[in-house]
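[1] the following comprises the amino acid sequence and a computationally predicted model.
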Amino acid sequence: QVQLVESGGGLVQAGDSLRLSCVASGRSTSTYTTGWFRQAPGKEREFVAAVGWTTDYSDSVKGRFTISRDNAKNTMYLQMNSLNTEDTAVYYCACSTRMLYSSSLYYSDAQYHYWGQGTQVTVSS
């Protein structure tokens, strides 16, 4: 079992930056693919970024967000720069139970078996 706890969300203005953290416990996630998803009000949960065999990003955040992982701390990060109002959502970290070797699998939330409780990010104009 893996437990995930996110932190770092908050209320910021457009153009600001935030860094989200996701601490994993229960076992090391270094051999798994882990990622970030988000869900805006009234919308379905969507893929943001993932890290494992490689890294990948959704087109909407590519060039602005950076995903990273510190395996020694069993912690994953999401550095979010140039935030805009469309980034407002609850952000969830997720962990698969294997390393996903095809980045096309990253986008499916069905590939992730463990989820955090979410952290709210609100970007005001």
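    Sure thing, it's come through.
[2] nearest residue to the middle of this structure?
    Computing the C-alpha centroid of the chain and ranking residues by CA atoms, centre = their mean puts W36 first, at 1.8 Å.
[3] could I get the phi/psi values of it?
    In this entry, W36 is assigned phi and psi values of phi -120, psi 140 (degrees, to the nearest 10).
[4] where does pLDDT dip in this protein?
    Low-confidence regions of the chain, defined by pLDDT under 70, are absent; no residue qualifies.
[5] check the gap between A14 and S82 for me.
    Distance, A14 to S82, by CB to CB, to the nearest Å: 9 Å. (C-beta placed from N, C-alpha, C; glycine too.)
[6] can you give me the neighbour number for T75?
    Residue crowding around T75 was assessed by other CB atoms under 10 Å; the count is 17.
[7] list the contacts for it?
    Contacts for T75 (CB atoms under 8 Å, 6 or more residues apart in numbering) come out as 21-24, 69.
[8] okay, now M99: neighbour count?
    Other residues near M99 come to 11 when the count uses other CB under 10 Å.
[9] next one: D16
    Neighbour number of D16 under other CB under 10 Å is 15.
[10] so which of the contacts of T75 comes closest to S125?
    When the contacts of T75 are compared for distance to S125 (CB to CB), S21 wins out at 25.9 Å.
[11] who are the contact partners of the closest one?
    6-8, 75-77.
[12] in three-state terms, label it for me.
    strand (DSSP: H, G, I helix; E, B strand; the rest coil).
[13] for it, give the beta-bridge partners.
    With DSSP bridges as the criterion, the beta-bridge partners of S21 are S7, Y77.
[14] so how many other residues sit close to P41?
    When neighbours are counted by other CB under 10 Å, P41 registers 7.
[15] nice, that's everything, thank you.
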